[in-house]
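**Q** I would like to see how this sequence folds:
(3 chains)
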Amino acid sequence: MSWTTPRRAFIGAATAEGGTKLNAFDNALLKLGIGNVNLVKLSSVIPAHIEWIDRVHDVPTGMLLPTVYAHIESDEPGMTISAALGVGISENNEGGLIYEYSGYCTREEAEEMVRRMVEEGFAVRGWKLAEFKVASASVTVREKPAAAIAAVVMFPY
Amino acid sequence: MSWTTPRRAFIGAATAEGGTKLNAFDNALLKLGIGNVNLVKLSSVIPAHIEWIDRVHDVPTGMLLPTVYAHIESDEPGMTISAALGVGISENNEGGLIYEYSGYCTREEAEEMVRRMVEEGFAVRGWKLAEFKVASASVTVREKPAAAIAAVVMFPY
Amino acid sequence: MSWTTPRRAFIGAATAEGGTKLNAFDNALLKLGIGNVNLVKLSSVIPAHIEWIDRVHDVPTGMLLPTVYAHIESDEPGMTISAALGVGISENNEGGLIYEYSGYCTREEAEEMVRRMVEEGFAVRGWKLAEFKVASASVTVREKPAAAIAAVVMFPY
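**A** Predicted coordinates for the structure are as follows:
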């Protein structure tokens, strides 16, 4: 177990409505399976040799998990909000980079933004982009407050 | 000792003035007994079997403590600012939820907001609300910048 | 090794341009030697007996490092942005305080702000200011988005 250099990671995105913006955010976390843990926000680097998992397995309620996330909430009916994370993985899984974007825009625009940011991040480091992952979510607000979130959650084991 | 799943928690709220907004925030932390530690901001879940303590005992200067906090600062004389945290505890202390609110509003409005959010959070999870705690603080700005903060600080032991 | 009470710290500041505001921020982190780690944002206290180091030595890609940082990004050509951290160290290195400031201002203004905040923080605690460090960076935006960042990065060993 290593809190300081995570071993596994999960990537996902979701939208949800709620009675308030914070509840909408909370409901989106629940959809991702991370509503009952404590997210500790990180800037955005993937440790070497990370193993990607398909879903968040049972973790203790209230466990602290390092997380990179992009999110946006709105209570303005008719507006479209989107959140995206772009993840670039280097050759031989020697590390990676995560860039986030959220705003009043389409899902495609958010995805395009994170793709550009990942490409620039790899270029300035002289790293070769072996794999690109994207997680994005978009929702048009109706009567209730809504949230869009994209997250990479990291696990110490 | 467990950094990743805290054992004890303290809840409190305070207001303070200061020479700048950041000093006002700092002075409010000092009143809560957490001005000389490092707060690591969390999203907002209470681990199972947490033990609540009445005050922050001596902790090493600069220790990292996972903390959920709501805060607001203002330097606009005459304005009232409030911060509140609502904490719901589930049956048998199997875990809990914390929701935060801060804004240009009364203390009662901030408390009502967090109460509603806790109730919705429990309802969507199908959890039964065994206990509700609230910490709130409100201040009307005078000549100096002022801050209102509500915090739940968690301890690894 | 102690995640919860860091042993060593690095202070620095940098500016950079990038294709987006987030890439500009990322490029400034790279200049500081902390572009390939995960910053965990802290409120702002220096543990006792911290040892200051002159540069960030090799740390594993993606390692979580507690960091206090001030930053600002802008894509408005002609505007000057600045970020500063002021660090006060108490007598006998028994602990210290970090205050942050960033804004559309000159470097001198940002430095003056953090100096005032450090002095007030020491005064309200009744601590004697044995040493004052400042890290600041300023840039005038040209065609590309730019970032200014000042950071204190802490190490568990």
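
**Q** got the phi and psi for the residue in chain A that chain C sits nearest to?
**A** Residue of chain A nearest chain C, by Cβ to the nearest Cβ: A:P47 (3.1 Å). Every residue, glycine included, has its C-beta placed from N, CA and C. The phi and psi values for A:P47, taken as degrees, to the nearest 10, are phi -60, psi 160.

**Q** give me the neighbour count for the spatially closest residue to it that is not a sequence neighbour.
**A** What sits nearest to A:P47 in space, not counting adjacent residues and going by Cβ to Cβ, 6 or more residues apart in numbering or on different chains, is C:G62, at 3.1 Å. Burial of C:G62 is recorded as 26 neighbouring residues (other Cβ atoms under 10 Å in any protein chain shown).

**Q** so C:G62 sits against C:N38, correct?
**A** Yes. Using Cβ atoms under 8 Å, C:G62 is in contact with C:N38, at 5.8 Å.

**Q** what touches both of those two?
**A** Common neighbours of C:G62 and C:N38 are listed as A:V45 (criterion: Cβ atoms under 8 Å, 6 or more residues apart in numbering or on different chains).

**Q** do stretch A:113-129 and chain C meet?
**A** Yes. Stretch A:113-129 is in contact with chain C by Cβ under 8 Å from any Cβ of the partner chain, via A:113, A:116-117, A:120-121, A:124-125.

**Q** show the average pLDDT along that stretch.
**A** In this model, stretch A:113-129 carries a mean pLDDT of 98.

**Q** chain B contacts on chain A?
**A** Contact residues, chain A versus chain B (Cβ under 8 Å from any Cβ): A:3, A:18-20, A:22-23, A:26-27, A:29-30, A:35-41, A:60-64, A:156.

**Q** helix or strand right after the helix or strand hosting A:Y69?
**A** Under the criterion DSSP states H and E, the helix or strand holding A:Y69 is strand A:64-74. Using DSSP H and E, the next helix or strand after strand A:64-74 towards the C-terminus is strand A:80-90.

**Q** that next one vs chain C: in contact?
**A** No. Against chain C, strand A:80-90 shows no contacts by Cβ under 8 Å from any Cβ, the least distance being 8.8 Å.

**Q** list of residues touching stretch A:18-34?
**A** A:10, A:12-17, A:35-36, A:39, A:55-56, A:65, A:67, A:71, A:73-75, A:137, A:144-149, A:151, A:153, B:43, B:99-101, B:113, B:116-117, B:120-121, B:124-125.

**Q** what's the PyMOL syntax to select whichever of the residues you listed are buried?
**A** Of the contacts of stretch A:18-34, the buried ones go into a single PyMOL selection, burial set by 16 or more other Cβ atoms under 10 Å in any protein chain shown:
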select buried, (chain A and resi 10+12+13+14+15+16+17+35+36+39+56+65+67+71+73+74+137+145+146+147+148+149+151+153) or (chain B and resi 43+99+100+101+113+116+117+120+121+124+125)
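
**Q** A:A48: how many residues sit nearby?
**A** 15.

**Q** got the CA positions of the helix ranked longest in chain A in PDB?
**A** Ranked by residue count and defined by DSSP state H, the top helix of chain A is helix A:107-125. What follows is helix A:107-125 as a C-alpha-only set of coordinates in PDB (Å, rounded to 0.1, in the frame of the first residue of the first chain):
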ATOM      1  CA  ARG A 107     -19.100  17.300 -24.900                       C
ATOM      2  CA  GLU A 108     -17.200  17.400 -28.100                       C
ATOM      3  CA  GLU A 109     -15.700  20.800 -27.300                       C
ATOM      4  CA  ALA A 110     -14.600  19.600 -23.900                       C
ATOM      5  CA  GLU A 111     -13.100  16.500 -25.300                       C
ATOM      6  CA  GLU A 112     -11.300  18.400 -28.000                       C
ATOM      7  CA  MET A 113      -9.800  20.800 -25.300                       C
ATOM      8  CA  VAL A 114      -8.400  18.000 -23.200                       C
ATOM      9  CA  ARG A 115      -7.000  16.200 -26.200                       C
ATOM     10  CA  ARG A 116      -5.100  19.300 -27.300                       C
ATOM     11  CA  MET A 117      -3.800  19.800 -23.700                       C
ATOM     12  CA  VAL A 118      -2.600  16.200 -23.400                       C
ATOM     13  CA  GLU A 119      -0.800  16.500 -26.800                       C
ATOM     14  CA  GLU A 120       0.900  19.700 -25.700                       C
ATOM     15  CA  GLY A 121       1.800  18.300 -22.300                       C
ATOM     16  CA  PHE A 122       3.500  15.300 -24.000                       C
ATOM     17  CA  ALA A 123       5.200  17.500 -26.600                       C
ATOM     18  CA  VAL A 124       6.800  19.800 -24.000                       C
ATOM     19  CA  ARG A 125       8.100  16.900 -22.100                       C
END
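
**Q** show me the shaky parts of chain A.
**A** A:1 (pLDDT under 70).

**Q** give me the residue from it nearest chain B.
**A** A:G62 (3.1 Å).

**Q** please name the residues that touch that residue.
**A** With contact taken as Cβ under 8 Å, 6+ apart, A:G62 is in contact with A:36-38, B:5-6, B:45-48, B:50, B:95-96.

**Q** buried ones from those, can you make that a PyMOL selection?
**A** Buried members of these, defined by 16+ other Cβ under 10 Å, are picked up in PyMOL with:
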select buried, (chain A and resi 36+37+38) or (chain B and resi 5+6+45+46+47+50+95+96)
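
**Q** tell me which entries of the contacts of A:G62 lie within strands.
**A** With strands taken from DSSP state E, the overlap with the contacts of A:G62 comprises A:38, B:45-46, B:96.

**Q** closest to C:A84 out of those residues?
**A** Closest approach to C:A84 among the ones in strands among the contacts of A:G62 (Cβ to Cβ): A:N38, at 30.8 Å.

**Q** who's the closest one bridged to?
**A** Beta-bridge pairing of A:N38 under DSSP bridges involves A:L64.

**Q** that one reaches B:V40, doesn't it?
**A** No. Applying Cβ under 8 Å, one finds A:N38 not in contact with B:V40, separated by 9.7 Å.
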